[in-house]
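Trainee: Sequence below, structure please.
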Amino acid sequence: MYLEHFGLAEFPFKLTPDADYLYMSPSHARALAYMEYAIVNREGFVVITGDIGSGKTTLIKKILNSLDENIIVAKIFQTQLDEVELLQSILVEFGLNPFKSKKVELLNMLNQFLVDRYLEGKQMLLIIDDAQNLNKKALEEITMLSGVETQKEKILQVILVGQPELNTKLESPDMEQLLQRVSLRFHIRALTESETKEYVIHRLKVAGNKSKKLFIDEIFKTIFEFSGGVPRLINTLCDTALTCAFADDKKKVGSVEFTDVIDELQWETYTESHKKKDFSLMQENLYDEREMSGDVRDRTIPGDPVLYRALIEITRQLTRVADSLEEKNNFVNKLSTSLENKKQKK
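Mentor: I've put the predicted structure just below:
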């Protein structure tokens, strides 16, 4: 497409996670170090969170590429599973056939496998991406698995990677047993404005750019404003910008070209778009008191659990006010009807 035009060997802003293109910001470096530490020191649980498109899956691929042959890994990327399906997925990843077994048999099969491999001198690692999608029963099964240990160390190391909702789920009262087993927790933040510029330059360099300035300096601030420093959004913006510049036979992306890209994508700034998303999430998750009879612990919103409880309480109060007003309106309507009937009889 535009590779030859810009002197590139590969597409620099592909959306597919590629460990070769990983930009090691301080935040990403810390997350990677925590995962490596957990594996080397056989820590039980590590939880890594980050917003959508922050580079979590790319970090997983990076760590997988660096593992010793002595480590047996089960990688779970599809997490819309119940507890039995999760156990089956883990066993399949470890090379077993679990599909005709019941839950008790699955647990026994997995425990036996872990112990046997440990006695052979192997290390077992379970990595679950998009772990925020796991229900609480599935998370409880993982808690039980992490209890398989010797007197000195854990037999199975677990790395849970997910969106911020994972933290909210882990902090619920009935997840205390799992949370106590977590040795390290870290949240991958978005890139800063200066890191955004370094990220773009880094990916261009990996893709074969030989010191050519394909983006003028003035637009890096705009890239940051519209992407929020989220790598996936940066990729989308920059790839579209290069495509448009190529179509216009331009050798670099300037302010005019980038403005056209924003218009074509119909993007708002990252801050403005997320204000709307946060408000939309709040509306979806807050519900009236008639629905409160069910188990509300599974109904989570991103952010502080205290804020979540406060919002629910506000909703309760507003519902009571609305019900009270409705009762008063009904009374007034009945009274008016009664008075009107009396007038007509006279």
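Trainee: So Thr240 sits against Glu264, correct?
Mentor: Yes: the pair Thr240 / Glu264 is scored as a contact, 7.1 Å apart, by CB atoms under 8 Å. In short, each C-beta sits where N, CA and C put it, glycine included.
Trainee: between those two, who's got more neighbours?
Mentor: Higher neighbour count among Thr240 and Glu264: Thr240, with 19 against 12, using other CB atoms under 10 Å.
Trainee: show me what contacts Glu198?
Mentor: Contacts for Glu198 (CB atoms under 8 Å, 6 or more residues apart in numbering) come out as 23, 25.
Trainee: So what's the residue count around the nearest residue to Ser101 once chain neighbours are set aside?
Mentor: Computed as CB to CB, 6 or more residues apart in numbering, the closest residue to Ser101 that is not its neighbour in sequence is Met109, at 6.4 Å. Neighbours of Met109 under the rule other CB under 10 Å: 17.
Trainee: Run through the neighbouring helices and strands of the host helix or strand of Met109.
Mentor: If you go by DSSP states H and E, Met109 is part of helix 103-119. Using 3 or more CB pairs under 8 Å, 6 or more residues apart in numbering; DSSP states H and E, the elements in contact with helix 103-119 are helix 83-93, strand 123-128, helix 136-146.
Trainee: quick one, the last one and helix 103-119 angle?
Mentor: Put simply, helix 136-146 runs at 30 degrees to helix 103-119, going by axes from the mean of the first three to the mean of the last three CA atoms, to 10 degrees.
Trainee: and helix 136-146, what does it pack onto?
Mentor: helix 83-93, helix 103-119, strand 123-128, strand 156-162, helix 165-170, helix 176-181.
Trainee: Make a markdown table from the ones you listed and add mean pLDDT and distance to Ala207 to it.
Mentor: Listed next are the helices and strands packed on helix 136-146 as a markdown table, based on pLDDT from 0 to 100; distance: least, CB to CB, whole Å:
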| stretch | mean pLDDT | distance to Ala207 |
| --- | --- | --- |
| helix 83-93 | 93 | 32 |
| helix 103-119 | 91 | 40 |
| strand 123-128 | 94 | 27 |
| strand 156-162 | 94 | 26 |
| helix 165-170 | 90 | 32 |
| helix 176-181 | 84 | 41 |
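Trainee: right, so the ones you listed: which one is the most enclosed?
Mentor: strand 156-162 (a mean of 25; mean count of other CB atoms under 10 Å).
Trainee: what pairs with it, and is each one parallel or antiparallel?
Mentor: strand 45-50 (parallel), strand 123-128 (parallel) (DSSP bridges).
Trainee: mind exporting the first one as PDB, just the C-alpha atoms?
Mentor: As requested, C-alpha coordinates have been extracted for strand 45-50 and formatted as PDB (Å, rounded to 0.1, in the frame of the first residue of the first chain):
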ATOM      1  CA  PHE A  45      -1.000 -14.600  41.600                       C
ATOM      2  CA  VAL A  46      -0.200 -11.400  39.700                       C
ATOM      3  CA  VAL A  47      -2.900  -9.100  38.400                       C
ATOM      4  CA  ILE A  48      -2.200  -6.700  35.500                       C
ATOM      5  CA  THR A  49      -4.900  -4.300  34.400                       C
ATOM      6  CA  GLY A  50      -5.100  -1.600  31.700                       C
END
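Trainee: Help me confirm that Val73 is found in a strand?
Mentor: Yes: under DSSP: H, G, I helix; E, B strand; the rest coil, Val73 falls within a strand.
Trainee: quick one: buried residues of stretch 24-38?
Mentor: The neighbour-count criterion (16 or more other CB atoms under 10 Å) identifies 24-25, 27-28, 30-32, 34-35, 38 as the buried residues of stretch 24-38.
Trainee: got the residue ranges for the helices in this structure?
Mentor: 3-6, 26-40, 56-65, 83-93, 103-119, 136-146, 165-170, 176-181, 193-206, 220-227, 231-247, 255-265, 270-285, 305-345 (DSSP state H).
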